[in-house]
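Chemist: have a look at this prediction, sequence included:
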Number of protein chains: 2
Amino acid sequence: MKVRNILGERFKERAFDIESQNLMTRGGYMKQVGNGIYSLFMPAKRIQNKIEAILREEMDAIDGQEVLFPVVMPATLWQSSGRFDSIGKELLRFKDRSGADMVLGMTHEEAAVQMAMNVAGTYQKYPFMIYQIQTKFRDEPRARGGLIRVREFTMKDGYSFHTSQEDLDRYYERAFRAYERIYARAGVPEVIAVKSDSGMMGGKVSHEFMLLADIGEDSIVICPECGMRANMEACEAITENVPDDELLPLTEVYTGEAKTIEEVAGFLKTAADKTCKAIVYQRNEDDSYVLIFCRGDREINETKLTNYLKAKIHPAVDIENANLAAGNIGPVGLETNATVLFDRSLVGATNLVCGANKAEYHMTGFNPSRDLPEGTKFIDLTKAVEGGICPVCGKHSLSVKNGIEVGNIFQLGRRYTEAMGMTYDDENGARINPIMGCYGIGVGRLIASVCEARHDDYGPIWPITIAPWQVEICALRVNDEAVKAAADKLYSELEKAGIEVLYDDRPVSAGFMFSDADLFGAPIRVVISPKTISRGCFELSARDKSFGYDIEIDSAAEAVCSKVRELIEAVNAKVPERL
Amino acid sequence: MKVRNILGERFKERAFDIESQNLMTRGGYMKQVGNGIYSLFMPAKRIQNKIEAILREEMDAIDGQEVLFPVVMPATLWQSSGRFDSIGKELLRFKDRSGADMVLGMTHEEAAVQMAMNVAGTYQKYPFMIYQIQTKFRDEPRARGGLIRVREFTMKDGYSFHTSQEDLDRYYERAFRAYERIYARAGVPEVIAVKSDSGMMGGKVSHEFMLLADIGEDSIVICPECGMRANMEACEAITENVPDDELLPLTEVYTGEAKTIEEVAGFLKTAADKTCKAIVYQRNEDDSYVLIFCRGDREINETKLTNYLKAKIHPAVDIENANLAAGNIGPVGLETNATVLFDRSLVGATNLVCGANKAEYHMTGFNPSRDLPEGTKFIDLTKAVEGGICPVCGKHSLSVKNGIEVGNIFQLGRRYTEAMGMTYDDENGARINPIMGCYGIGVGRLIASVCEARHDDYGPIWPITIAPWQVEICALRVNDEAVKAAADKLYSELEKAGIEVLYDDRPVSAGFMFSDADLFGAPIRVVISPKTISRGCFELSARDKSFGYDIEIDSAAEAVCSKVRELIEAVNAKVPERL
């Protein structure tokens, strides 16, 4: 492909704060069509096709059968699982010309069950996995970061069906390994798997695959000591309290306008971990109140709270009706209609400051073991913290990082097959609901994430296995006949050798050409100019500057091919074996 | 792939009248999810992937750049071309969570212009062609025939941009040839191109690619003498009238209840071609009337009428307000507020029967040349007929066939670039709207059409270039160790050789296995049984029964590979050269 023929423009001006969005916009990879909706130009589509090819190979290798589900589905299908009502506005609902309710697919569990229903009626047909690569739409309220969080996206989603938990476990392991292979093959072997909360998908065991990146929206808790990795939402929080020798008496103290933990601790000249904090939520359903007490330096993990309550919640908007003294709420002498919960971070804590349930007053000397009724239940409702205790190895080793979720796998259990009434006959003729697993990867987000992880100030540095082009030939001064002839010859030789070559033979300055080449991000560059030709060579260099040397003109094609092979092998060397 | 592992069931019961729908449903290729909405099982997706690969190769070969436009688009984009208002309910409109008007893409002219806008601002960037393979949605009122006419479908749509009509003409020729190559490579070289009406797409020159088939919804007019081919909607109708020697006087005659042409001609014992028929339409816009007179044996071509009137029309529902005597309308002495048009079929006709504009009476001796006012305009408004006169060679040679439209190409002109304000600077710095062409193929409809053209009573007979599997191994009596070992070995050898093999090693009867194999439609079949092994051979046969012979066990893999190559070469032999 010649640069001069590619539709798209590249420019220098910084366009966005998030680097992948900035560079992929500046590089002519994509154009916004609407909020969270993009068109992809040729270079991006080439990356997408390569990733899709990797996805197909890895899914086929774990016995996946590629199928195709529709984007537009009748609402009845989603009603049959109950999700038509339980999912919020991110499920886009509309009516067709006949007035029938329809939805745009944001995931395809229901479609997978509908496909398998009635054609997998006996145990001999199991296990099987079906997958598709298809456009999805999720009406995100906050699209951001270019392809990182969009409304319309291409996704590979797979659904496996099993007759036993053991069989699902075995398959889940194979899928897990396939995912590790996919990221390694895409050039980001550093993607890690973390335990996650299954959320609206149902089921219990699940993992998210995370690429660590400052712009990531997910918090991941990692233990470098034992290798534990979990999404913040799914990580047990362990808090160590070293008890004071003497338990002080409960004493009311004037704290005036001090209301936040910082203000109160500052006013009383104590530390946040010697305070007891009150946080109020409301259930979405009926606005009823939920009051949680935890140690003052801890934060509520809303996912844990939601799971515990089995109800969706939101931070309390207005606590007037709860008979609570905002900023002065305390666990002692409290009278409220709210559900009151105590977090585990209070276990073993002594001599804390807490609210006195009246304006301008707090209490000192709050000792949960002494001052709370016997039998008070302490629940894990807070977030793990940097430097905190690892729930697996027990060391003070936790590290909290930001990550971009680039894939997830779930054990769904019988959530969908039960709801939709899909069954098979087992060996004894009993009708059983099969157990499901599901396996998703968003293609566009993976592209943007690789860009986020592999770029410099000048553009993306695409791994050779997914780069739009493996090699770019920069012919400087093409009006020089020797340059033009040499570059044309190399271009044609490389194309014949099956190398994906981008060829820039525009009559532009070296600086202009190189800054475009940086944005195209081909991992290997060959520069041909009157100067190199006079030296009897071309310049071969790496987009990531890891190498750079002259190659002889006569054997140039061979040298480039061998470098391409070398880079591909370097990527493959990091790909784990299939299970 | 082993048959036992494929999700899907095959059955014998006739499911639908249209053969492709019947066989692809019985064969486990697809399942309906909603009205005109299907999921595709693995065999169908494999065909789709192969067709998509052919499409990519052919589009890339004519310098197409693969891109991706969104399925969901903001209404503003469609408003910018005017089509948001001009297209009917087949454009599915809805609101997103923020209340913004959105549409589901049924075609992507607007998206293509939006992509190219501002990045093709100078003449040097032209020509270029961008294409995508993407899901589309068209809210068809009458989905039918399985994948023949659906609401959701995968389509390859391309858009080219040019600075001159000559350049578009040149490119259009190349695209035309690419289309011929695509159909030939897909195994249906008999697809023909016909001139078509451009309809809502705008523009003038356009072609539809048609696969002749009785179930086709399109009428195609073909001249075997000169090769003229046109869609009925776009075919000029020529009617020859041999004048009588004597012009009879206009005479009112009693015809009683006779109203239709058949009844009147029967009552007066004359032929339909000696009558003058009146047909009444109404404009959709204001229900105003349009009255057309044509020869009694001709039918109105509503597309020609729409194009002539530049207004959408429908058959008149109620002609009371038009002051017309239904069944007795005639051109002489007519008083009406309708627009009155005369078809060319009346030119030269003599002594016709026509309505007398009063109940129970017609007239004889109507002679248009004598009885109509001087200067009366005769317009081409009727359909060409079987045996009619070819508008190109003038012979009485026309043949009318049914066809399925499997693709179309249009010269769009400046319709979209003008409306949306896309310009480039020409050599003199003048701002010009580029000229566009567009090029579409529906993938699912092509699959169904190939099935329609290539099947027998027992299943599809897939051309080897798009068959889900090239070869099926049927191992009869796999409990026989020799059979199992021989079949396993051949399966593994063929897979290693890169042949796409389906392997049936289920312990089922020969009849059951063969009827499944007929539905899978692999062009080559190898049967291995105790009987063949005792003869020292396997049986190699064609799905279409064109060959069938024994092959030696030791060289079986080689024999199969060579037959696969032979069939591929036979398909390729019918593929025309690229332009």
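Modeler: Structure received.

Chemist: all the strands of the stretch 251-400 of chain A, residue numbers only.
Modeler: A:251-254, A:276-283, A:289-295, A:313-315, A:339-343, A:352-358, A:361-366, A:378-379, A:399-413 (DSSP state E, counting those that start in this stretch).

Chemist: same deal with the stretch 1-150 of chain A?
Modeler: Using DSSP E, counting those that start in this stretch, strands in the stretch 1-150 of chain A cover A:30-34, A:37-40, A:64-66, A:72-74, A:93-95, A:101-104, A:128-137.

Chemist: do you know how far the spatially closest residue to A:L247 that is not a sequence neighbour is from B:L268?
Modeler: In space, and not counting its chain neighbours, A:L247 is closest to A:N367: 4.8 Å by CB to CB, 6 or more residues apart in numbering or on different chains. C-betas here are computed from N, CA, C, even on glycine. Distance, A:N367 to B:L268, using CB to CB, to the nearest Å: 114 Å.

Chemist: same question, A:Y179
Modeler: 82 Å.

Chemist: number of nearby residues for the residue of the stretch 1-150 of chain A found nearest chain B?
Modeler: Using CB to the nearest CB, the point where the stretch 1-150 of chain A gets nearest to chain B is A:F94, with a distance of 3.5 Å. By other CB atoms under 10 Å in any protein chain shown, the residues close to A:F94 number 18.

Chemist: and the nearest residue to it once chain neighbours are set aside, what pLDDT?
Modeler: Nearest residue to A:F94 in three dimensions, chain neighbours excluded: B:F94, at 3.5 Å (CB to CB, 6+ apart). At B:F94, the predicted lDDT confidence score is 96.

Chemist: surely B:F94 touches A:L92?
Modeler: Yes. At 7.4 Å, B:F94 and A:L92 qualify as touching, with contact defined as CB atoms under 8 Å.

Chemist: looking at A:Y179 and B:L268, which has the bigger crowd around it?
Modeler: Between A:Y179 and B:L268, counted using other CB under 10 Å, A:Y179 has the larger neighbour count: 23 against 16.

Chemist: for that one, which residues are in contact?
Modeler: Each residue near A:Y179 by CB atoms under 8 Å, 6 or more residues apart in numbering or on different chains is listed here: A:58, A:193, A:209, A:407, A:409, A:439, A:441.

Chemist: looking at those residues, which two lie furthest apart in space?
Modeler: The largest separation in the contacts of A:Y179, counting by CB to CB, is between A:E58 and A:A193 at 15.1 Å.

Chemist: ok, those two, which is more surrounded?
Modeler: A:E58 (22 against 18).

Chemist: ok, and the closest non-adjacent residue to that one?
Modeler: Per CB to CB, 6+ apart, closest to A:E58 is A:A178, 4.5 Å.

Chemist: in which helix or strand would I find that neighbour?
Modeler: helix A:165-185 (DSSP states H and E).

Chemist: tell me the mean pLDDT for the helix or strand just after that helix?
Modeler: Once helix A:165-185 ends, the next helix or strand along the chain (criterion: DSSP H and E) is strand A:192-195. The pLDDT scores in strand A:192-195 average 91.

Chemist: stretch A:421-434 now?
Modeler: 97.

Chemist: touching it from outside, list them.
Modeler: In contact with stretch A:421-434 (CB under 8 Å, 6+ apart) are residues A:113, A:116-117, A:120-123, A:125-126, A:161-163, A:414, A:416-418.

Chemist: how about stretch A:4-14: buried residues?
Modeler: Residues A:6-8, A:10 are the ones in stretch A:4-14 that count as buried (16 or more other CB atoms under 10 Å in any protein chain shown).

Chemist: same check, this time on stretch A:49-63
Modeler: Buried positions in stretch A:49-63, judged by neighbour count with 16+ other CB under 10 Å: A:49-51, A:54-56, A:58-59, A:62.

Chemist: before we move on, what about stretch A:276-289?
Modeler: Here stretch A:276-289 shows A:276-283, A:288-289 as buried, counting by 16+ other CB under 10 Å.

Chemist: low pLDDT regions in chain A?
Modeler: Applying pLDDT under 70 to chain A flags the ranges A:197-203.

Chemist: report the central residue of it.
Modeler: A:E405 (0.9 Å; CA atoms, centre = their mean).

Chemist: and the nearest residue to that residue once chain neighbours are set aside, how many neighbours does it have?
Modeler: Ranked by CB to CB, 6+ apart and with sequence neighbours excluded, the top spatial neighbour of A:E405 is A:E208, at 5.0 Å. A:E208 is flanked by 25 other residues according to other CB under 10 Å.

Chemist: thought A:E208 was touching A:F176?
Modeler: No. Taking contacts as CB under 8 Å, A:E208 lies outside contact range of A:F176: 11.6 Å.

Chemist: what is in contact with those two at once?
Modeler: With CB under 8 Å, 6+ apart, A:E208 and A:F176 have common neighbours A:A193.

Chemist: need phi/psi at A:G459.
Modeler: phi 160, psi -180 (degrees, to the nearest 10).

Chemist: would you map the helices across the stretch 401-550 of chain A?
Modeler: A:415-420, A:443-453, A:481-496, A:510-520, A:530-534 (DSSP state H, counting those that start in this stretch).

Chemist: can you say which of those helices is nearest to chain B?
Modeler: Taking these one by one with CB to the nearest CB, helix A:443-453 is closest: 9.3 Å.

Chemist: dump the strands of the stretch 251-400 of chain A to a markdown table, plus distance to B:D488.
Modeler: Output for these, formatted as a markdown table (distance: least, CB to CB, whole Å):
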| stretch | distance to B:D488 |
| --- | --- |
| strand A:251-254 | 84 |
| strand A:276-283 | 61 |
| strand A:289-295 | 62 |
| strand A:313-315 | 58 |
| strand A:339-343 | 61 |
| strand A:352-358 | 72 |
| strand A:361-366 | 74 |
| strand A:378-379 | 57 |
| strand A:399-413 | 32 |
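
Chemist: among these, which is nearest A:V450?
Modeler: Short answer: strand A:399-413, nearest of the strands of the stretch 251-400 of chain A by CB to CB, at 8.7 Å.

Chemist: and A:H455, how far from A:P70?
Modeler: Distance from A:H455 to A:P70, by CB to CB: 36 Å.

Chemist: between the two, which one's more packed in?
Modeler: Ranked by neighbour count (other CB under 10 Å), A:H455 and A:P70 place A:P70 first, with 28 against 23.

Chemist: quick check, that one in contact with B:Q32.
Modeler: No. Using CB under 8 Å, A:P70 is not in contact with B:Q32; the gap is 10.0 Å.

Chemist: can you list the domains in chain A?
Modeler: A:3-70+A:105-217+A:400-453, A:251-379, A:469-572 (automatic domain parsing).

Chemist: got a list of contacts for stretch A:477-495?
Modeler: Contacts for stretch A:477-495 (CB under 8 Å, 6+ apart): A:471, A:473, A:475-476, A:501, A:503, A:505-507, A:526, A:528-530, A:533, A:538, A:553, A:556-557, A:560-561.

Chemist: kindly recompute the last result at 6 Å.
Modeler: A:473, A:475, A:501, A:503, A:505, A:507, A:528, A:530, A:533, A:556-557 (CB atoms under 6 Å, 6 or more residues apart in numbering or on different chains).
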